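Colleague: with the sequence up front, the predicted model follows.
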There are 6 protein chains.
Amino acid sequence: MAVFEHCHSLGLAVMLKGPTGCGKTRFVEHMAWKLQRPLTTISCHDDLSASDLIGRFLIRHDGTAWQDGPLTRAVREGAICYLDEVVEARQDTMVVLHSLTDHRRMLPIDKTGETLVATPGFQLVISYNPGYQRMLKDLKPSTRQRFVALDFDFPPAAREAAIIEKEAGADHGTSMALVALGHRLRALRDRGLAEVPSTRLLIAAAALVVSGIPIRQACLSAVVSPLSDDDALVGAMRDLVDATFA
Amino acid sequence: MAVFEHCHSLGLAVMLKGPTGCGKTRFVEHMAWKLQRPLTTISCHDDLSASDLIGRFLIRHDGTAWQDGPLTRAVREGAICYLDEVVEARQDTMVVLHSLTDHRRMLPIDKTGETLVATPGFQLVISYNPGYQRMLKDLKPSTRQRFVALDFDFPPAAREAAIIEKEAGADHGTSMALVALGHRLRALRDRGLAEVPSTRLLIAAAALVVSGIPIRQACLSAVVSPLSDDDALVGAMRDLVDATFA
Amino acid sequence: MAVFEHCHSLGLAVMLKGPTGCGKTRFVEHMAWKLQRPLTTISCHDDLSASDLIGRFLIRHDGTAWQDGPLTRAVREGAICYLDEVVEARQDTMVVLHSLTDHRRMLPIDKTGETLVATPGFQLVISYNPGYQRMLKDLKPSTRQRFVALDFDFPPAAREAAIIEKEAGADHGTSMALVALGHRLRALRDRGLAEVPSTRLLIAAAALVVSGIPIRQACLSAVVSPLSDDDALVGAMRDLVDATFA
Amino acid sequence: MAVFEHCHSLGLAVMLKGPTGCGKTRFVEHMAWKLQRPLTTISCHDDLSASDLIGRFLIRHDGTAWQDGPLTRAVREGAICYLDEVVEARQDTMVVLHSLTDHRRMLPIDKTGETLVATPGFQLVISYNPGYQRMLKDLKPSTRQRFVALDFDFPPAAREAAIIEKEAGADHGTSMALVALGHRLRALRDRGLAEVPSTRLLIAAAALVVSGIPIRQACLSAVVSPLSDDDALVGAMRDLVDATFA
Amino acid sequence: MAVFEHCHSLGLAVMLKGPTGCGKTRFVEHMAWKLQRPLTTISCHDDLSASDLIGRFLIRHDGTAWQDGPLTRAVREGAICYLDEVVEARQDTMVVLHSLTDHRRMLPIDKTGETLVATPGFQLVISYNPGYQRMLKDLKPSTRQRFVALDFDFPPAAREAAIIEKEAGADHGTSMALVALGHRLRALRDRGLAEVPSTRLLIAAAALVVSGIPIRQACLSAVVSPLSDDDALVGAMRDLVDATFA
Amino acid sequence: MAVFEHCHSLGLAVMLKGPTGCGKTRFVEHMAWKLQRPLTTISCHDDLSASDLIGRFLIRHDGTAWQDGPLTRAVREGAICYLDEVVEARQDTMVVLHSLTDHRRMLPIDKTGETLVATPGFQLVISYNPGYQRMLKDLKPSTRQRFVALDFDFPPAAREAAIIEKEAGADHGTSMALVALGHRLRALRDRGLAEVPSTRLLIAAAALVVSGIPIRQACLSAVVSPLSDDDALVGAMRDLVDATFA
């Protein structure tokens, strides 16, 4: 957290690295609140174009008018601009971020001929899950080198249980048992599970239990079935559920 | 059904997993009626863009006007939004659903700069056939983890026969015989049948029988021929029809 | 024919399966005439988009106006909507047909926010040639299961000769000889002929003979040369022409 | 030629098969003149869309106006519509021709909702070079079966020499020598020459000779160099030029 | 040059074949000046569409207006139209040139329905580098056969040195040494150099020398480094530079 | 630097070759300042079209108006036009630069029919990282040959340490230690590190140290983690960090 704050005051861009659902988005929301900066969140996807980030001309009845994209608005307002799951975007869309991440801190808008200098407080933050599809998509080295990286992981057991208790209103025993299940399931990564259960899944299971659903059924619906369709993997996970709640 | 209702009141998104034609769409229609919520259904396909879901500017004679897409309308109205056959959509289109499926429950509309908070009652439901083309298309793990999964399968024999009787007006013997045929044909999955006959196919065959078509011809037209063009598989299915109605 | 009529009155969609030029289009035209329904024919191709089927906004001098596509018009008018060579269309375009082929019988028009319920009499009919390029393109199982299938093949010899006599004005001997040639050429399918001669080709040859072209030349121009460029196959077909008219 | 005229009066579509530059285009021009029909020529290419053939809406200052494409104009005028090098077009663009090549002789224009019946005299003619890139692109069997095929080849030697004399103003000896060279070069097809020299190349060489260029240089510039960049093939062709004009 | 002039007066299209930077563009400029014809140059690339060549409708405040493309302007004006690096264009874009390169000498403009006959003096010239990427892109045989080919190569040593002296203002010794270096480097083609140094590179090196840069550094910057990033090839080229200027 | 200035006065285009973050952009900024020329920077990416460089028509309420792209503006103003990371652009987009890089120094604007001659002082500069993805993307040889190449590398140790001291306000010992770490990490290139740490990364680490972050953590966040996700490589880099700051 200290590193993030120093990066903010130094104007350095930050990359949050860690698995799905471990709290990266919440961390950025918390830091924006703590630093008293507006937050602009952009969910990245393969169709996200440079124009979606920067802006475009809209046709109006009295001619065309320029409309800022979310990146441009953040640059003007000095906001924290958070690009969620940045590897989903095409590498070349990310090139428009380059001039904002070095000493220039500026954004050229080719379509209007304008060049914006970032308002103080503007900071670029990206999130990134290094364990997923590493082969297919990856950040370009020349993009990566423009960010200070903060490594995230699931919280330690006691902390994760406390989160589950608070978010789902579950009792301590249920929360601890779900965390234990989570640890066992996360150990399946080496046996072919594409992605391991996030804290978010454990919270969903706990919430169903609080609603009155039996804990095994809650775990099957909220944790096991979302993770895989593979019969062998599902079977292994059911066995772990049975072993945990026997 | 209890799990679905609890997910609804907890604001958790739901994934319905099961084969084609086993009643997933009807289940959602029933739940929307029971929970007294409007239902918005979106058939997913490969060209479905984020703009199709969220909305777009239309050019009018007095300038451009924003038009909500079906997802945006559902978010505003607090409707149940049902994305049918969600694997047909591109994975990156699905990314726009992410902020609606975690604690934020919000939908940023980049093109207008607006951010909607979901009206209470809004719930996202997706359907998904895990047995079909598992290799080519699949949900991204980080998307899957955002849904509680409910597993569907064909109904038990007596229940399926009762459905056929009611939907097609067929007599009990015909319905039971068609269900028996269905079970035999579904066993061919391991012999290369890409998809097994749904209850819907059996209802169509029953309806033709009620119209006066002989039962073997009805089964060939409504069940066997739609399932495959492969001579060997069609032959095997004809043999099962003959064996069932000998 | 009885199956088609019953499907029409039951509101079931129909798939006509059979080789090129065996009379599927004529069959639909006949049924539309017999059932007294308007007929809308759509030739499918790879660029056919959902908008081409459903409709689009056109820019006019006084703003934009919605224009129904042929599918929407058929749904409104209660017409028979015939999608010719449906495998040529992209599978995802076909997804827009799904809600019209189950108990809902409705067509959601996302772009206007309207949902049409099909006018009574509306029926969806598709044609499909299972012998052609089976590997590359095929209907999705979840689409196939929405249609009752009627299998078509070339007519029996006497019937095909009668058709040739009537359509081309040819004498009985010529027609019978052309049918015999057709049968011999159709047997070449197993030797690599991508598609076998349709009745339409035999009619064209007969029409040229009636015009005064010698029968061998007519067969070479109207039957052999259109079927293949492969020297070996063309040679084999010439031999069969010579053998038939020796 | 008799077959073409009969096809015209019978309303049958025609496919001209033969190598590049053997006179297919001139043949169609001659037949259009002889039959006293207007001629519409369309050079096919990979970007040719159905809209390019049929027409589109143009935006005008007083709204949009429909503009017929060349195919639609030909259908209205009863013209001969000649699609040159038809394999260059995408197969699915060709699908719009289907309803014009069977008993319907009609063209549905989806965008206006109009259905044109072809004016008498309308005839579809396509050209096609079977020797070129047979593997990559080919006409779909269901398209091929809609045309009567006329096979073209280079003219016999005396006739080709007469053409060269007339077109280039060359003397008889030069023309005969160029035809002899053409025959020798055409024999290289089996040694890897992608396409053999057309009559058009021989005419160009003859024209350069008449202009005063030495015959060997004329043959190298107008015949050998256009045919290949491969050193071995060019060497073989030079040897044949030397042998012919030694 | 005589061949080019005769082709011009005969209306034959010309293809200039030769390596990068050997003077093809200058040759066309010279011929246009000598023949007193306007010159239109089009740099070809993969996105060049038929509309870019022929023209398009532009929306104006008083409706749409047609704007000729550069090819159409050249056809109207009787200009020499030079398509530079023609293999960069897609083969199918080139199809629009076909009717301009045979006896018709006409350009159909589908979008306006107009057919232009080329004004006398119009001539099509294309340039083409046969040594580069022969496998990936190539002219279609049916396009190649429409051009008389003129083969270009680097000028002989004395001539190339004279060009360097004149263009860069270099002395005779420097020019001769650079030509000698050029010959040695061109011999590396067989050792993997994708393209050999053009006269243009040698002129750039000479100009730097005249500016006061030492000759070895000028050769490294202007000749060696632009040609390759491969360490082994760069090393071999440095050795040749050292050997030449030792 | 002398070579760059001479290239500028000779009107020769320049290619800056070197690794990410070694100062190419700063060098161009410095030269533009020294030569007193305006500087136009364009970050290249895969979607950069020729229209993005040259300009396009915009629709206004009183018709369409042409808007120059950044390249066209630079040509008119006699600016230095810097194309950053030029290999990211498609090769064919780069073709529009060709006529600006030879004796013509002109830019044809097809869409307006205008041909600009470059204002004196205009110079084209491109940057290029030869070590990155050499196989996938590369400049076309005929484009490369149009530029004089200047080779860049990281500065020598003393110089790099001085830069770090000045940019980050770090003390000499920290700067020297970070440079030593940088040299050790750059030696990992041969062991699979896709790109080695730039001076920019070392400056970021130094800035965090000045902010109060312990030097090892600063190096892990600012140097090690941005460079790789591979456990083995990250481990090796951590060992080098530990060895450097033990």
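Modeller: Here it is on my side, so go on.
Colleague: report pLDDT for residue A:239.
Modeller: Reported pLDDT at residue A:239 in the predicted model: 93.
Colleague: what's the helix or strand that contains it packed up against?
Modeller: Element membership for residue A:239, per DSSP states H and E: helix A:231-244. Judged by 3 or more CB pairs under 8 Å, 6 or more residues apart in numbering or on different chains; DSSP states H and E, helix A:231-244 is in contact with helix A:172-186, helix A:215-219, helix A:225-227. Heads up, the C-betas are built off the backbone N, CA and C, glycines and all.
Colleague: what's the most buried one of these?
Modeller: Each of those was scored by mean neighbour count; the highest is helix A:225-227, a mean of 23, by mean count of other CB atoms under 10 Å in any protein chain shown.
Colleague: quick one: average pLDDT of that helix?
Modeller: Average pLDDT, helix A:225-227: 89.
Colleague: send me stretch A:81-88 as CSV with only the CA atoms.
Modeller: Output of stretch A:81-88 as CSV, limited to C-alpha atoms (Å, rounded to 0.1, in the frame of the first residue of the first chain):
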residue,chain,number,x,y,z
CYS,A,81,-7.7,5.4,-14.4
TYR,A,82,-8.0,1.6,-13.8
LEU,A,83,-7.9,-0.8,-16.7
ASP,A,84,-9.3,-4.1,-15.5
GLU,A,85,-8.0,-7.3,-17.0
VAL,A,86,-5.7,-5.5,-19.3
VAL,A,87,-4.5,-8.6,-21.2
GLU,A,88,-7.9,-8.9,-22.7
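Colleague: just confirm residue A:209 contacts residue A:174, I think it does.
Modeller: Yes. If you go by CB atoms under 8 Å, residue A:209 and residue A:174 touch, sitting 5.7 Å apart.
Colleague: need the residues touching each of those two.
Modeller: residue A:215 (CB atoms under 8 Å, 6 or more residues apart in numbering or on different chains).
Colleague: doesn't residue A:81 lie inside a strand?
Modeller: Yes. Per DSSP: H, G, I helix; E, B strand; the rest coil, residue A:81 lies within a strand segment.
Colleague: I'd say residue A:28 and residue A:123 touch.
Modeller: No. Checked against CB under 8 Å, the pair residue A:28 and residue A:123 is beyond contact range at 10.0 Å.
Colleague: more neighbours, these two?
Modeller: It is residue A:123, of residue A:28 and residue A:123, that has more neighbours when counted by other CB atoms under 10 Å in any protein chain shown, with 26 against 21.
Colleague: what residues are up against that one?
Modeller: Residue A:123 touches A:7, A:8, A:11, A:12, A:13, A:14, A:37, A:80, A:81, counting by CB under 8 Å, 6+ apart.
Colleague: just to revisit the earlier point, for chain F, find the nearest of the helices and strands packed on helix A:231-244.
Modeller: Distance to chain F, taken as CB to the nearest CB, is lowest for helix A:172-186 among the helices and strands packed on helix A:231-244, at 16.3 Å.
Colleague: just the CA atoms of that closest one, as CSV, please.
Modeller: Extracted C-alpha coordinates of helix A:172-186, given in CSV (Å, rounded to 0.1, in the frame of the first residue of the first chain):
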residue,chain,number,x,y,z
HIS,A,172,-16.9,-18.5,12.1
GLY,A,173,-17.0,-22.3,11.8
THR,A,174,-18.6,-22.2,8.3
SER,A,175,-16.1,-19.6,7.2
MET,A,176,-13.1,-21.5,8.4
ALA,A,177,-14.4,-24.7,6.8
LEU,A,178,-14.9,-22.9,3.5
VAL,A,179,-11.4,-21.5,3.6
ALA,A,180,-10.1,-25.0,4.3
LEU,A,181,-12.0,-26.2,1.2
GLY,A,182,-10.6,-23.3,-0.8
HIS,A,183,-7.1,-24.2,0.1
ARG,A,184,-7.7,-27.9,-0.9
LEU,A,185,-9.2,-26.9,-4.2
ARG,A,186,-6.5,-24.4,-5.0
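Colleague: now the helix or strand that that helix is followed by against helix A:231-244, angle please.
Modeller: Using DSSP H and E, the helix or strand that directly follows helix A:172-186 along the chain is helix A:199-211. For helix A:199-211 against helix A:231-244, the angle by axes from the mean of the first three to the mean of the last three CA atoms, to 10 degrees is 50 degrees.
Colleague: most neighbours among the contacts of residue A:123, which one?
Modeller: Tallying neighbours with other CB under 10 Å puts residue A:81 at the head of the contacts of residue A:123, with 27 neighbours.
Colleague: what's around the residue nearest to it when sequence neighbours are not counted, how many residues?
Modeller: With CB to CB, 6 or more residues apart in numbering or on different chains as the measure, residue A:74 is the residue that lies nearest to residue A:81, at 3.8 Å, once sequence neighbours are left out. Applying other CB under 10 Å, we find 29 residues neighbouring residue A:74.
Colleague: average model confidence for the helix or strand harbouring residue A:74?
Modeller: Following DSSP H and E, one finds residue A:74 within helix A:70-77. If you average the pLDDT over helix A:70-77, you get 94.
Colleague: send me that helix as PDB with only the CA atoms.
Modeller: C-alpha atoms of helix A:70-77 as PDB (Å, rounded to 0.1, in the frame of the first residue of the first chain):
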ATOM      1  CA  PRO A  70     -13.000   7.600 -20.400                       C
ATOM      2  CA  LEU A  71      -9.200   7.700 -20.600                       C
ATOM      3  CA  THR A  72      -9.300  11.300 -21.800                       C
ATOM      4  CA  ARG A  73     -11.800  12.300 -19.100                       C
ATOM      5  CA  ALA A  74      -9.400  10.800 -16.500                       C
ATOM      6  CA  VAL A  75      -6.400  12.600 -17.900                       C
ATOM      7  CA  ARG A  76      -8.400  15.900 -17.800                       C
ATOM      8  CA  GLU A  77      -9.700  15.400 -14.300                       C
END
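Colleague: hey, least reliable of the helices and strands packed on helix A:231-244 by pLDDT?
Modeller: Mean pLDDT is lowest for helix A:225-227 among those, at a mean of 89.
Colleague: sorry, back to before: what packs against the helix holding residue A:74?
Modeller: Where contact means 3+ CB pairs under 8 Å, 6+ apart, helix A:70-77 is packed against strand A:39-43, helix A:50-54, strand A:80-84, strand A:106-109, strand A:114-117.
Colleague: let's see 6 Å
Modeller: strand A:39-43, helix A:50-54 (3 or more CB pairs under 6 Å, 6 or more residues apart in numbering or on different chains; DSSP states H and E).
Colleague: got the angle for that helix vs strand A:80-84?
Modeller: 160 degrees.
Colleague: mind checking how far helix A:70-77 is from the chain centre?
Modeller: 20 Å (CA atoms, centre = their mean, to the nearest Å).
Colleague: from memory residue A:17 sits against residue A:130, does it?
Modeller: Yes. Assessed by CB atoms under 6 Å, residue A:17 is found in contact with residue A:130 at 5.5 Å.
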